[in-house]
Structures are given as structure tokens and as C-alpha cells.
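Colleague: here is the input, now give the coordinates:
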Amino acid sequence: MFDRHLLNSIRDYQIHRAKPGPYHRLLRKFARLRWTLWSVVTHSDIDPRASISFDLKLPHPNGVIIHGDAVVGKNCMIMQQVTIGMIGAGEVPRVGNDVYIGAGAKIIGAVTIGNGSRVGANAVVLRDVPPNHTAVGNPARLINRPPNVVTFPLHDDI
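Modeller: Okay, here's the model as predicted:
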């Protein structure tokens, strides 16, 4: 429930940041105030400038950190205590569509997580994860998922 409020405040901030004028400047400040409130309530630090899809699912948003330059694709699920951050200037992760990121995972640096991939709990990802692979461990190693494995959708069409 709280994740929707947090993501809506980020979306409102981004909408009003892109538009000029005093009206949008006022609404941008109000959205930033809402973002601050929901960041404190959820104990998360998702930069409002981050490029995230708004069908992102945060079942337990506490401790989630997403860098302002990071990109998170459509229909992703991010569990608690996840960090998506940078190492050096401009070295930020790009997360594809339909990605699951387990609790406590760290995705650091100029890393691309391919579409349909999974990142296991407490994995530390420092290299690219190809589409439809699973990364587990510290440092993360790749596990190829066989094509005949049934996976459950991340959306509510069940």
C-alpha cells in the first residue's frame, strides 16, 4: 500500500519537473514533500529522478535504494533491502523488463540486468546478467534457467 504512495509521489515530481512555470514549480515542491514523507514512512531512498516504470512492485519497500540515474524497466519486482547504485561517475545499473530482485541484493556499477532475469537474495551483482538468467551469490554467478521451466508472472493476472 505504501509503495503506491511513494511511487505516485515520484511520478508526480517527474511530471511537474518536466513542465515550466510557477504552477508546476509549486506542485513539484509539493510532490517532493510527499516523496520525503513516504520515503521516511517506507524507510526507502528511491531518488525521484530515477527512471522507473510505474508498474514497479515493491511488496516490502523498506531499505530499498535506487540511484537517481538508474533505469528500472517494466513489470519488475524489488524486494526489501535492495540497492541499485553506482560505483563511479556515470556507472549506474540498467534493469530490464520482468526482472525479479530478491531481498538484500546489491546491483552495483555499470551493470545491465537482462529481461526476464532473476537476482537471488543477498546476491552482489557486479557483471551483466543476460536475459532469462539467474544471478546468485557473492559475487554473483550466473545460472541459466532452462526454457521449459514454468515461471509465475509478476503481475496480478493470476
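Colleague: what residue ranges in this protein score low on pLDDT?
Modeller: Within the chain, the ranges that satisfy pLDDT under 70 run 1-2, 145-158.
Colleague: residues near the closest residue to Cys76 other than its chain neighbours, how many?
Modeller: The shortest distance from Cys76 to any non-neighbouring residue, by CB to CB, 6 or more residues apart in numbering, is to Val99 (4.7 Å). (Glycine included, C-beta is placed from N, CA and C.) By other CB atoms under 10 Å, 24 other residues sit near Val99.
Colleague: residue contacts, Val99?
Modeller: Counting by CB atoms under 8 Å, 6 or more residues apart in numbering, Val99 touches Gly73, Cys76, Met77, Ile113, Gly114, Asn115, Gly116, Ser117, Arg118, Val119.
Colleague: who's in contact with the third one?
Modeller: Which is Met77. Leu56, Lys57, Leu58, Pro59, Val99, Tyr100, Ile101, Leu154.
Colleague: before we move on, what about Val72?
Modeller: Ala50, Ser51, Ile52, Ser53, Leu56, Ile66, Ile78, Ile84, Val95.
Colleague: what does Val129 give?
Modeller: Counting by CB under 8 Å, 6+ apart, Val129 makes contact with Val111, Thr112, Ile113, Gly114, Ser117, Val119, Ala135, Ala140, Leu142.
Colleague: ok, back up a step: for ChimeraX, write a command that selects the buried ones of the contacts of Val72.
Modeller: In ChimeraX syntax, the buried subset of these is picked out as below (16 or more other CB atoms under 10 Å):
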select :50,51,52,56,66,78,84,95
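Colleague: tell me which residue is most central in this structure.
Modeller: With distances taken as CA atoms, centre = their mean, Val72 lies nearest the centre of the chain, 5.0 Å away.
Colleague: what about that residue, distance to Ile143?
Modeller: 22 Å (CB to CB, to the nearest Å).
Colleague: ditto for His133
Modeller: 7 Å.
Colleague: between those two, which one's more packed in?
Modeller: More crowded of His133 and Ile143, by other CB under 10 Å: His133, with 17 against 12.
Colleague: same for the lengthiest helix in the chain, what does it pack against?
Modeller: Secondary structure of the chain per DSSP state H: the longest helix is helix 22-42. Helices and strands touching helix 22-42, as assessed by 3 or more CB pairs under 8 Å, 6 or more residues apart in numbering; DSSP states H and E, comprise helix 2-17.
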